[in-house]
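# Here you go, sequence then predicted model.
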Amino acid sequence: MTDTTEIIERYFAMWNETDAERRRGLIAKTWTEDAHYVDPMLEGDGQSGIDAMVAAVHERFPGYRFRRIGEIDRHHDRLRFAWELAPEGGPVFAGGVDFGVVAGHLKAFTLEEVRRAELSAAARGRRTCARPPSALRSA
């Protein structure tokens, strides 16, 4: 299993973990301390913000599980993969594509955060890839 696959496997394990202590351990192994996650419905800053966000999803959708579908695309420090959310043994309720930026661990997630990172890099005179991503941690 590659580092990228391990990161994404931990990412999904985090979303599916109902035990708060185990989930916080997965978050610490997967996300940087200053990580940021944002999507159209949720946002979490830092590991504690991400934990609160995941706990809220468990409250709203008890018994539902996230799963990756398809392959993980990676280009330099950028990731992209598709996912689904469904109740155990039930039909798919939601799905989408997530983008990430890897900085040892996940650092940011979603197109908006990737663009922010690219603008910041451009302001410092660094080039970045033009493809959208977010942030993940590799150990």
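Received it, and whenever you're ready, just let me know what you need.

# From now on I want contacts and neighbour counts done on CA atoms only, so please keep to that.
Noted.

# Check the gap between Trp15 and His76 for me.
Applying CA to CA, to the nearest Å, the value for Trp15 to His76 is 25 Å.

# Between these two, point out the one with more neighbours.
Here Trp15 and His76 are compared on neighbour count by other CA atoms under 10 Å; more neighbours surround Trp15, at 22 against 9.

# What residue, apart from its backbone neighbours, is nearest that one spatially?
Leaving out its chain neighbours, the residue that sits closest to Trp15 by CA to CA, 6 or more residues apart in numbering is Val54, at 6.1 Å.

# so what does the strand or helix carrying the one you found touch, helix or strand wise?
If you go by DSSP states H and E, Val54 is part of helix 46-60. Here helix 46-60 touches helix 20-30, strand 31-38, strand 43-45, going by 3 or more CA pairs under 8 Å, 6 or more residues apart in numbering; DSSP states H and E.

# Neighbouring strands - and their directions - for the second one?
Each strand pairing with strand 31-38, determined using DSSP bridges, is listed with its direction: strand 43-45 (antiparallel), strand 105-109 (parallel).

# Would you single out the least confident of those?
Across those, the stretch with the lowest average pLDDT is strand 105-109; it has a mean of 59.

# need the helix or strand of the protein with the lowest average pLDDT.
Lowest mean confidence among the helices and strands of the chain (mean pLDDT, DSSP states H and E): strand 135-137, at a mean of 44.

# Now the longest strand along the chain: buried residues?
As assigned by DSSP state E, the longest strand anywhere in the chain is strand 64-75. Judged by neighbour count (16 or more other CA atoms under 10 Å), strand 64-75 contains these buried residues: Tyr64, Arg65, Phe66, Arg67, Arg68, Arg74.
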